[in-house]
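Undergrad: 3D model of this:
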Amino acid sequence: MREPAAPEKIRLVIWDLDDTFWSGTLTEGGITWRHEHAAIVHELARRGIVSSICSKNDHAAVEPILQREAIWDSFIFPSITWEPKGPRLAALVESVQLRPSTILFIDDNPMNRAEARHFVPGIQVADETIIPHLLNDPRLQGKDDRALTRLAQYKLLQRRQSEQQAAGADTSAFLRASNISVSIEHDLDPHIDRAIELINRTNQLNYTKRRLPENGEAARRALRDLLSGFNVQAGILRVTDKYGDYGHCGLYIVQTRAADRRLIQFCFSCRILNMGVETWLYNHLGRPNLSVQGEVLSDVLNDKRDIDWIHLAHPSATAGAQSNAACTLHQVYARGGCDLNAVTHYFGNVARHVVRDFHVVRDGANMRRDHSVFARYALRGVEPAARQEALKLGWIEADFRPAFPPPPSGLSVWILSFWADANYALYRHRATGLEVPLCLPDTQTNNRNMLGTDPETLDDNEARRRLRHVQQNYDFAGMIAEQACKENIRLVLGQAPPGTKIFILLANEDTQGGRAAVSSNRRRLNAWTREAVQNHANVELITISDFFREGDAPVSFNHFDRMVYFRIFQHIMSRLPAQQETEAA
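TA: Down below sits the predicted model:
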């Protein structure tokens, strides 16, 4: 027989007053103050457990007593009226935005306790005899919060809700006047425990409900393993407004696989409920795929509001950069592979426009439109017969059109990667002379001749068809020639508007267990790249291994720990010309 689940940890204690918090009844002969009960409230607050009041009494008579005893400010959302307690408790629970099972209501009257259960299903209740044992109760151990940050955050929420109610029905006007600011920190390691808490403890605004292990070390290990992926981007949100600082109260983790961008964590503290932060972030991330699990209090998938009252701040996103760079960067253009997809995620927080020009996967085939030959095709054109031939292999018309953005009106950054030139061999069509890089599903011959591969060994029907077509109509041309590679690189650089700062990620040369042939191709590509950019003062070359740190989890020969790409982003931001930023500002 399954044992009943243990009661949940308590995050809020709601106190009755008469014959509970104090002895006696205020309206019937006076009361005796219980100093030890006040001490319990203070100690709970130091454990991060807040207290409230639900009492049938005269507010004007109660507040001066609690003020005199210096404990009034230790209670949040006090409800002191002669109205029935049930509806007031329900309203209180809605205000604090906690699950009822994490709330304890203490009242000496059994009818009031029954009423609490009726109006707030799941709430934990007890009579006054529990009070001497509260501090030893396993549910009320909390965690060290001697700075009383949790109490301060709830007092902030109380003040904000009070002013929102006073503002009336025009919620949007109130929110616009609140000066809500969100900053996103991408290095989660300093906030790892808070991130785990958001994943495992939030419910009403936890959209995926993918929990981590309850054991602290296991949870940290699992989260760090997840965050090390090159195709994973993440951020923890800090929210402030004119009322104060709500702390780190939101988290997202998005994973990119082929053409699919999916949120695998998307969770928020209820302290920012009704501010629109979750909808704003979902839109800011480009509305990636989100599979909502269970009930949530905010429907970001169908919320069509224009969240124009939230301002994105950049205090930590550009650590090491000029202070105003984030506010003046107009456009980022990135051309390359999935390495740049990881880098440009962070530029979405600091640039007005981010243009991504990457390779794509179609029908399982890796279409390396980031190879420099496709830059030449886009800029110099391709004969119609050659283009029609390419369409038979899965290319589309858009692959042959220029993707370079128009000149920006402010500071512009280009980030380029030509790694595909070192990784993917070319095949030449016999009739038209068209050269294309090929990587068909299951061939695993990116830089080796696939013409001798038996099509029947491939699992995919379309891959078999394409391979037969290549074998019948193409010759293996090998890796791109030096002169052609240099010319293509110079063609791309020539498209950048004057004043554009260009960064090129050199190919990784680490042999990783003896992959000498690949490494040799990359060394050649890097040498050619250095020669091609010699006369371009606006170009800076980036060696990716300069951004490796001890403890970074290696992913593969081509892919690295998420934080490697974040450090590259920080470096690029730090290299922006301060004079241009000042002029743009």
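
Undergrad: now the nearest residue to residue 198 once chain neighbours are set aside: which helix or strand?
TA: Nearest residue to residue 198, sequence neighbours excluded (Cβ to Cβ, 6 or more residues apart in numbering): residue 251, at 4.6 Å. Using the backbone N, CA and C atoms, a C-beta is placed for each residue, glycine as well. Counting by DSSP states H and E, the element that carries residue 251 is strand 244-257.

Undergrad: alpha carbons of that strand, as CSV, please.
TA: Extracted in CSV, the C-alpha atoms of strand 244-257 (Å, rounded to 0.1, in the frame of the first residue of the first chain):
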residue,chain,number,x,y,z
GLY,A,244,11.7,47.8,-6.4
ASP,A,245,13.6,44.7,-7.3
TYR,A,246,11.8,41.4,-7.7
GLY,A,247,15.1,39.4,-8.0
HIS,A,248,15.8,36.5,-10.3
CYS,A,249,12.3,35.4,-11.1
GLY,A,250,12.3,33.8,-14.5
LEU,A,251,14.3,31.2,-16.5
TYR,A,252,14.3,29.9,-20.0
ILE,A,253,16.3,27.1,-21.7
VAL,A,254,15.8,26.7,-25.5
GLN,A,255,17.3,23.9,-27.6
THR,A,256,17.8,24.0,-31.3
ARG,A,257,17.8,20.8,-33.4
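
Undergrad: centre of the chain to that strand, how far?
TA: 5 Å (Cα atoms, centre = their mean, to the nearest Å).

Undergrad: that one packs against which elements?
TA: Judged by 3 or more Cβ pairs under 8 Å, 6 or more residues apart in numbering; DSSP states H and E, strand 244-257 is in contact with helix 149-167, helix 192-201, strand 232-241, strand 260-268, helix 277-284.

Undergrad: for whichever helix or strand residue 524 is part of, packing partners?
TA: Using DSSP H and E, residue 524 falls within helix 516-532. If you count contacts as 3+ Cβ pairs under 8 Å, 6+ apart, helix 516-532 packs onto helix 420-423, helix 482-493.

Undergrad: let me know the average pLDDT across that helix.
TA: Average pLDDT, helix 516-532: 85.

Undergrad: low pLDDT regions in this structure?
TA: Along the chain, segments meeting pLDDT under 70 span 1-6, 168-170, 258-259, 314-328, 441-447, 510-518, 551-557, 577-585.

Undergrad: could you look up the SS state of residue 541?
TA: strand (DSSP: H, G, I helix; E, B strand; the rest coil).

Undergrad: no no, residue 54
TA: Relying on three-state DSSP, one would call residue 54 strand.

Undergrad: from residue 11, how far off is it?
TA: 16 Å (Cβ to Cβ, to the nearest Å).

Undergrad: before we move on, what about residue 126?
TA: If you go by Cβ to Cβ, the gap between residue 126 and residue 11 works out to 15 Å.

Undergrad: check contacts around residue 66.
TA: For residue 66, the contacting residues are 72, 75, by Cβ atoms under 8 Å, 6 or more residues apart in numbering.

Undergrad: if we go to 10 Å?
TA: Residues near residue 66 by Cβ atoms under 10 Å, 6 or more residues apart in numbering: 17, 21-22, 33, 38, 53, 72-75, 78, 80.

Undergrad: which of those residues count as buried?
TA: 17, 21-22, 38, 53, 74-75, 78, 80 (16 or more other Cβ atoms under 10 Å).

Undergrad: from those, which land in helices?
TA: Cross-referencing the buried ones among the contacts of residue 66 against helices under DSSP state H gives residue 38.

Undergrad: which one among the buried ones among the contacts of residue 66 gets closest to residue 60?
TA: residue 80 (9.0 Å; Cβ to Cβ).

Undergrad: which non-adjacent residue is nearest that closest one?
TA: residue 59 (4.2 Å).

Undergrad: verify the contact between that neighbour and residue 83 for me.
TA: No: using Cβ atoms under 10 Å, residue 59 is not in contact with residue 83, being 11.2 Å away.

Undergrad: could you pick out which of the contacts of residue 66 are located in strands?
TA: 53, 80 (DSSP state E).

Undergrad: make a markdown table from the contacts of residue 66 and add distance to residue 165 to it.
TA: Below are the contacts of residue 66 laid out as a markdown table (distance: Cβ to Cβ, whole Å):
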| residue | distance to residue 165 |
| --- | --- |
| 17 | 24 |
| 21 | 26 |
| 22 | 29 |
| 33 | 32 |
| 38 | 29 |
| 53 | 19 |
| 72 | 20 |
| 73 | 20 |
| 74 | 22 |
| 75 | 18 |
| 78 | 15 |
| 80 | 17 |
